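# Give me a model of this one.
(2 chains)
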Amino acid sequence: MEVSEPVLLILLSLAEQPRHGYAILQDTARMSDGRVRLSTGTLYGALRRLLDEKWIERFKERDNSRGKQAYRLTTEGRRNLQMEVARMKRLTRLAALRVARKET
Amino acid sequence: MLPLYRTLLYLYPTGFRCEFGEEVLEVLSEVQGEIRKKSAMARIFFAVREAGGLLRGGLHERLRSITGSHDSGIFSLGRFAMKSEFRFPKAAVGLMVVILAAVMFTIEKAKAISASVPHANPSVGHIQPAQMTILPSLLVAMFGAIVVGLIGWGILFALHRSGVQQLSVMNPSTGVRANK
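Predicted structure coming up:
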């Protein structure tokens, strides 16, 4: 599955704790210092894909009287996220090396 | 704005609407509550962004339900969307379909000509349908391409410029070519 920046931010938001839709929107904006502001349509498109791929699961919040739907990472989703983060680390390390070499 | 968003939700397939429709509207009303305190410009920007998001998302989901495909790159969500596996260009598929259609059309046209002027000029003789010669020609062309490819690779290998040799001198940890 493609991990775009918005998807990565959604996954990182859920990696910390389960969240419902509005809380994910707020957290992604906070994490990116307001640079990434997902529209609700984009958010739910991404959530649907992540649910299909079984990276996340949906459940009803018990501590909320309105019983809102919330989302959390599955074990598979967390493992995939760790792999993605490791891939990005390798990429940024390589980028740093190459940029530094060019400057010298 | 909620009635507009509710209407835009009809762009989505029924399954998506039943599963997420109310939740999407609930989130939209929460975001709208937050944005109410902001300037008129910010509210307009928010409305355009949300309507655009629903429009794009609706079309994407509708296309997905029609084609049955997972997720096309057309609606990719932005940066970091990179695939490591080989991707066959979609334009190539379209081009191949056009070429196939042209070939089929040419065969049909040749058949029609063959049927209309078989004995008009006795010195020409009977015109044979073209499709009998297509398969052998394709095989010969493929064989020729393989031979040319092998010769090319052989030249590159002899000159130490093939991909295999480039990879063998690559440092696996940095991806940088090692100094000899």
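# so who does whichever residue of chain B sits closest to chain A touch?
Chain A sits closest to B:G53 of chain B, with a gap of 2.6 Å, by C-beta to the nearest C-beta. The C-beta positions use only the backbone N, C-alpha and C, and glycine is treated the same way. Contacts for B:G53 (C-beta atoms under 8 Å, 6 or more residues apart in numbering or on different chains) come out as A:38-42.
# can we see that at 10 Å?
For B:G53, the contact set (C-beta atoms under 10 Å, 6 or more residues apart in numbering or on different chains) comprises A:38-45, B:5, B:8, B:24, B:28.
# again with A:A23
Taking C-beta under 10 Å, 6+ apart as the definition, contacts of A:A23 comprise A:13-14, A:17, A:68, A:70-71, B:27, B:30.
# Scan the residues you listed and report the most crowded one.
Neighbour counts for the contacts of A:A23 (other C-beta atoms under 10 Å in any protein chain shown) peak at A:L14, which has 26 neighbours.
# Can you mark which positions in the helix or strand hosting it are buried?
A:L14 belongs to helix A:5-16 when assigned by DSSP states H and E. The neighbour-count check on helix A:5-16 (16 or more other C-beta atoms under 10 Å in any protein chain shown) flags A:5-14 as buried.
# What's opposite the nearest residue to B:E23 once chain neighbours are set aside in the beta bridge?
Excluding its sequence neighbours, the residue lying closest to B:E23 (C-beta to C-beta, 6 or more residues apart in numbering or on different chains) is A:Q69, at 5.5 Å. Judged by DSSP bridges, the bridge partners of A:Q69 are A:K60.
# Hmm, A:H20 and A:Q69 touching each other?
Yes - assessed by C-beta atoms under 10 Å, A:Q69 is found in contact with A:H20 at 6.3 Å.
# which residues do those two both contact?
Applying C-beta under 10 Å, 6+ apart, one finds that A:Q69 and A:H20 are jointly contacted by A:58, A:60-61, B:23, B:26.
# Just the mean pLDDT for the lengthiest helix in chain A, thanks.
Longest helix in chain A by number of residues, with DSSP state H as the criterion: helix A:75-103. The pLDDT scores in helix A:75-103 average 90.
# Mind giving me the packing neighbours of the strand or helix carrying B:I134?
With secondary structure defined by DSSP H and E, B:I134 is part of helix B:131-158. Packed against helix B:131-158 by the contact rule (3 or more C-beta pairs under 10 Å, 6 or more residues apart in numbering or on different chains; DSSP states H and E) you find helix B:90-116, helix B:163-168.
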